[in-house]
Structures are given as C-alpha cells and as structure tokens.
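Student: Sequence and predicted model, in that order:
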There are 2 protein chains.
Amino acid sequence: MAADAAVQRATALTSADRAFETLRTQIVEGELAPGAPLAEVEQATRLGVSRTPVREAFARLIAAGLATERGPRTLVVSDIDADDVTALFDLRRALDEQAARLAAARAASDAPTAAAFTTLADRFRAVTSATLQADDAQRHGYYALVAEFDAALDAALTSSPYLASAIASTRVHLARVRRLARDDDARLAASAAEHGAIARAIADGDGERAAAATRLHLHEALTSIHAHLPRSGANRPKERA
Amino acid sequence: MAADAAVQRATALTSADRAFETLRTQIVEGELAPGAPLAEVEQATRLGVSRTPVREAFARLIAAGLATERGPRTLVVSDIDADDVTALFDLRRALDEQAARLAAARAASDAPTAAAFTTLADRFRAVTSATLQADDAQRHGYYALVAEFDAALDAALTSSPYLASAIASTRVHLARVRRLARDDDARLAASAAEHGAIARAIADGDGERAAAATRLHLHEALTSIHAHLPRSGANRPKERA
DNA sequence: CAAGCGCTGAATGTATACATTGAGACCATG
DNA sequence: CATGGTCTCAATGTATACATTCAGCGCTTG
C-alpha cells in the first residue's frame, strides 16, 4: 500500500542522506552557528552514525557552500556577512534575470505555463500590507507563496537544467540570509508587489520586462537586507584566504 | 628549499584529491566515455587506493556534474549531447554577461585591471586566420590565451566569489564540449576577434558593451558547436529521469 | 626565567571487515 | 516451452581498526 511505499522510500534514504539533511537544516536554521567547527567524531556520535556517512555529508556541505575548509584539517560552518550577501546577489542577478527571460519565452508558447504565472500574479497582488501582519504565521505563509513561485519557475526551466540547478543552489544561501535579516511587513508587502510584477511579465511572455522586474526586485531586496544587517565588517578583517 | 616546499605541497594532496583529479581529467579527456559505469571497487583497484578515497572522489564528481546517479546504486559518467550544450549555454550567458559587466565596472575604477584587458585585447587581435593554422599546437596556444583571459576575469571578480565559482564550474563542462566539437581555424579566428571585442569593452569600462559582446560571442560559439555536433537526439529519447 | 625541543593525544586520512540489498541466472513447474 | 521463484553473488552502505599528522603542553637547558 501507499504507506508501505512511503516507508520503503523513507528507509531507502541512506544514513549519509539523513546526516546531510540534518546538518544542512541545522546550519540554515542557525542551530549550528557560522564558524562552528565540524568534527567528524563529534557529529558522528551526535547523529548516531559512524564517521563514514558523516564524511560524505561533510563533502556535500562543502559542495553546497555551507561548510568551508579552514586550514588543512579543519572544517567550519561557512560564515555569511554583508559582503557575502552582496556577492550572492551578484550571482542571483545573473541567474534570476536569465531565468525570468527563459520562463517568459516559454510562457509565450506554452499556455499552461502562462496560466500558472497569471494565477501567481493574482495571488501576489492579494498580499498587501493591509492583509499582512508581520507575525510568524503570515510570514511563513508568504514564504510558502514565494516557494510556489520558485517551483513554477523551475517547471518553466526544464530545458535549462544547468541554470535551474545553479538557481537551486543559491536558494539555500538565501534561506540563511533571511534568518539574518528578517523582513518587516512593509518590505514583505513591497516584495509581494515586485513578485507580482515579475509573474505578470512572465505570463505576458515579455522577457525583457520580466528581467527588468527581476533586477528591480533584487535591488530592493538587497537594499532592504543591508539596512537590516549589522554593518559590513570593513574593520573586522575577513578571515577567508 | 623551494623544491622541498613544492614536494611538501604535492604530498599534502590526499589520495582522495589525486583520485578526483585523475578521474576528472579522464572524463574531460574522454578516456572515460559518457555513460561508462563508475564502480567503487573497480576504480579503487585501478587507481591503487582503497574504496574510501574513491567514494570521496565520486561525491565530488557528482557535485561537479561530471557523474550522475542512475538508479539507486549505479553511478555513470555524465552524458553530454546537443541539448546539454544548449542548456549549458543558457547558464553561461547568464554568468558571463554579468561577469563582463562587473569586470568592466572594476576596470573603470582600477587601472591595473584595465591595463590587463587592454593587453589581452591586443593579443587577441594578433590572432588572425593568417597567423593561425588549425594544427594542434596552434589550437593549444589559442586555448591557453583564452585561459589567460579567464584568469583575468577571475582576478576582476574577487568581490563576487559566488559568481566566480559558478563560472569556474561551467568551464569544466565547456572543456568536455570542446572535445566533442573541434573548432575549425575559421571559427578560432572569429572567436579571437570576439574575445578581443569583449576585452576591449571591459578595458574601456563599458559594461553594457562588454555584456553585448559576450552575448554575441556565446551565440556564435553555440551556433558553431551545433553545426559540428551530431544532431540532437530528438528521436533517441533521453534516459534522464 | 625564557626559549626551544620532544612528547602525548586527539583528530583526520586510509584501509578493510561486515551488513544489506539488488540483479541476474538457473531450476522447477504449469 | 514459457514463466515464476529462489538462490547466489557482487556491489554498495556502514562500521571500525590502523596510520599519520598536527597542535598543545610540559620539560629541560642555557
């Protein structure tokens, strides 16, 4: 039955998978603070597995950019500061603009895609500062809507898997940034309007408008984040070779 | 002594590093053909190490996109066909245009950067179909010049490490594509001219011109590659879930 | 008392032994 | 003869034992 299949699939996850997921979540959620050392034996005992799956999980964390090798034999949780956010957005601008262009091109020749983004545009428009109070439930609901937008974008990028994969990797880091700089309700409402504009441009099949709307959104988001973030450590020398 | 230091650094490479480098090279060079299975025991005996470093090397190959998990317990060398090339260039366009823009911005305020790209522009201009015969030595020399250009771009992107890292990952795949579709000398000469135009625009600090020149170059390169490649298997259904 | 040397210990890097699962072949039976 | 089942085997997944290296600390000596 379906439950058995689900269990089967659940147990098909290896210990390495679980270790990676656990560590990834704890890093993104901030339970493992930036700079915290990642020792094999310590994490192995903590997660209740041997060192082998932990090693594999560490390798994936490094590949995802969530852990950094500091020195020859020391692994730490990646730091993330204002400069990193700027650098991350340099990449996001490149990826998201192109994604918006491609999604619009697809919507122009694929009715279901266009319909999906039309629906999303309407739902984003329904989110205003009036309906949105900055309590955690509302915030969570809004982020869920953004996640649906991201999923629609992914669905429109099936023919560009390299781009889709690169975008997916940036989303992990974005989740960390969100924890650092919590959006206020005004910013959330503005963000909803910007997302709506992007979705509408994609639905209309207007690639350049979609790219421009994306650039605008990213600029506003970056500005807001920097306003809410501790000053970039121009004094504190970054300890990254 | 310097030699000792070099040896020291060489021996500091772990078996996993060597295994990864060997496998990566052999995949890029085509010694390990696309679709070839990667078995732990087989590669371990072949490379003269145990399974543990091989496992780590496999994990890195997957992260780099050079190997793909087919089925729950089978790893194969990633395939690469005409559709993959198109998808790869969707990503490259996004990354390289942004890189050109950022490099130009840096050149506008950093004289050494501008000077470096001026020199590169001149060297690219010196490469013409007259001076370039399509023997392997010439081709290798030209690709070395392109590598210098890439290095200069990297140097100009120190403040955008995420972008630089994403670009570096695309270069690995580009090397594989080059093996599939060897450029003829006419294409190489045209490519040199296009690179020269990009370098000059960056040196002039003109970001939009640099981005446009990049887009043009990528379009021409993609067209040339597709002309030299076996037809995209629209009939052969791609076996990628 | 300070400086340099060596030692100890804990961590990673590697190898190998054990567990488990999946595929393929062979045999039995309808 | 085809089909289903079981059995074997080989490969991955995991755990653990061994090797190696580096950091911290104490001791010795000038």
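Tutor: Ah, there it is. Numbering: from 1, shown residues only, chains lettered A, B, ... in the order given.
Student: okay, now the domains of chain A?
Tutor: Domain assignment of chain A by automatic domain parsing yields the ranges A:2-77, A:82-228.
Student: Any residues of chain A in contact with DNA strand C? List them.
Tutor: A:12, A:38-42, A:51-52, A:55, A:72-75 (Cβ under 7 Å from any atom of the strand). C-beta: built from backbone N, CA, C; applies to glycine.
Student: Ranking by neighbours, what's the top pick from those residues?
Tutor: Highest neighbour count within the residues of chain A next to DNA strand C, by other Cβ atoms under 10 Å in any protein chain shown: A:L38, with 22 neighbours.
Student: Run through the residues that contact that residue.
Tutor: A:L23, A:L32, A:F58, A:L61, A:A67, A:L75, A:V76, A:V77 (Cβ atoms under 8 Å, 6 or more residues apart in numbering or on different chains).
Student: do the same with A:R123
Tutor: Contacts of A:R123 (Cβ under 8 Å, 6+ apart): A:L145.
Student: Can you classify it by secondary structure?
Tutor: helix (DSSP: H, G, I helix; E, B strand; the rest coil).
Student: need the contact list for the one residue sitting closest to the centre of chain A.
Tutor: Nearest to the centroid of the C-alpha atoms of chain A, with distances taken as Cα atoms, centre = their mean, sits A:R171, at 1.8 Å. If you count contacts by Cβ under 8 Å, 6+ apart, A:R171 has them with A:D150.
Student: count of residues packed around A:A144?
Tutor: A:A144: 10 neighbours (other Cβ under 10 Å).
Student: contacting residues for it?
Tutor: A:A144 neighbours (Cβ under 8 Å, 6+ apart): none.
Student: looking only at pLDDT, what's the mean for the strand or helix carrying it?
Tutor: According to DSSP states H and E, A:A144 maps onto helix A:136-156. When pLDDT is averaged along helix A:136-156, the result is 92.
Student: Just the buried positions in that helix, please.
Tutor: By neighbour count with 16 or more other Cβ atoms under 10 Å in any protein chain shown, helix A:136-156 contains the buried residues A:R139, A:Y142, A:L145, A:V146, A:F149, A:A152, A:L153, A:D154, A:A156.
Student: DNA strand C: which of the residues you listed is nearest?
Tutor: The closest of the buried residues of helix A:136-156 to DNA strand C turns out to be A:D154 (Cβ to the nearest atom of the strand; 27.7 Å).
Student: residue contacts, the closest one?
Tutor: Contacts of A:D154 (Cβ under 8 Å, 6+ apart): A:A164, A:I167, A:A168.
Student: Return the member of the residues of chain A next to DNA strand C nearest to B:A16.
Tutor: Minimum distance to B:A16 across these is 9.7 Å, recorded for A:R55 (Cβ to Cβ).
Student: picking that back up, would you turn the contacts of A:D154 into JSON lines with pLDDT and distance to A:R106?
Tutor: What follows is these, written out as JSON lines (pLDDT from 0 to 100; distance: Cβ to Cβ, whole Å):
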{"residue": "A:A164", "pLDDT": "98", "distance to A:R106": "12"}
{"residue": "A:I167", "pLDDT": "98", "distance to A:R106": "15"}
{"residue": "A:A168", "pLDDT": "96", "distance to A:R106": "18"}
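Student: circling back: most neighbours per residue, which of the domains of chain A?
Tutor: Among those, judged by mean count of other Cβ atoms under 10 Å in any protein chain shown, the one packed with the most neighbours on average is domain A:82-228 (a mean of 18).
Student: picking that back up, am I right that the residue nearest to the centre of chain A is in a helix?
Tutor: Yes: counting by three-state DSSP, A:R171 falls inside a helix.
Student: how near is it to B:L229?
Tutor: 32 Å (Cβ to Cβ, to the nearest Å).
Student: worst average pLDDT in the domains of chain A?
Tutor: domain A:2-77 (a mean of 87).
Student: Do any residues in it lie close to DNA strand D?
Tutor: Yes: contact of domain A:2-77 with DNA strand D (Cβ under 7 Å from any atom of the strand) involves A:T14, A:S15, A:A16, A:V49, A:S50, A:R51, A:T52, A:P53, A:E56, A:G71, A:P72, A:R73.
Student: and the angle for the helix ranked longest in chain A with helix B:82-109?
Tutor: Ranked by residue count, the top helix of chain A under DSSP state H comes out as helix A:82-109. Relative orientation of helix A:82-109 versus helix B:82-109 (axes from the mean of the first three to the mean of the last three Cα atoms, to 10 degrees): 140 degrees.
Student: Measure how helix A:82-109 sits relative to helix A:136-156, angle-wise.
Tutor: Using the same axes, to 10 degrees: helix A:82-109 against helix A:136-156 is 50 degrees.
Student: what about helix A:82-109 and chain B, touching?
Tutor: Yes: shown here: helix A:82-109 in contact with chain B (Cβ under 8 Å from any Cβ of the partner chain) through A:83-84, A:86-88, A:90-91, A:93-95, A:97-99, A:102.
Student: Closest one of those to A:T223?
Tutor: Nearest member of those to A:T223, counting by Cβ to Cβ, is A:T86, at 10.8 Å.
Student: Name the nearest residue to the closest one, ignoring sequence neighbours.
Tutor: A:L222 (7.0 Å; Cβ to Cβ, 6 or more residues apart in numbering or on different chains).
Student: For B:Y162, see how far away the one you found is.
Tutor: 13 Å.
Student: residues contacting A:R24?
Tutor: Per Cβ under 8 Å, 6+ apart, neighbours of A:R24: A:L61, A:A64, A:L66, A:V172.
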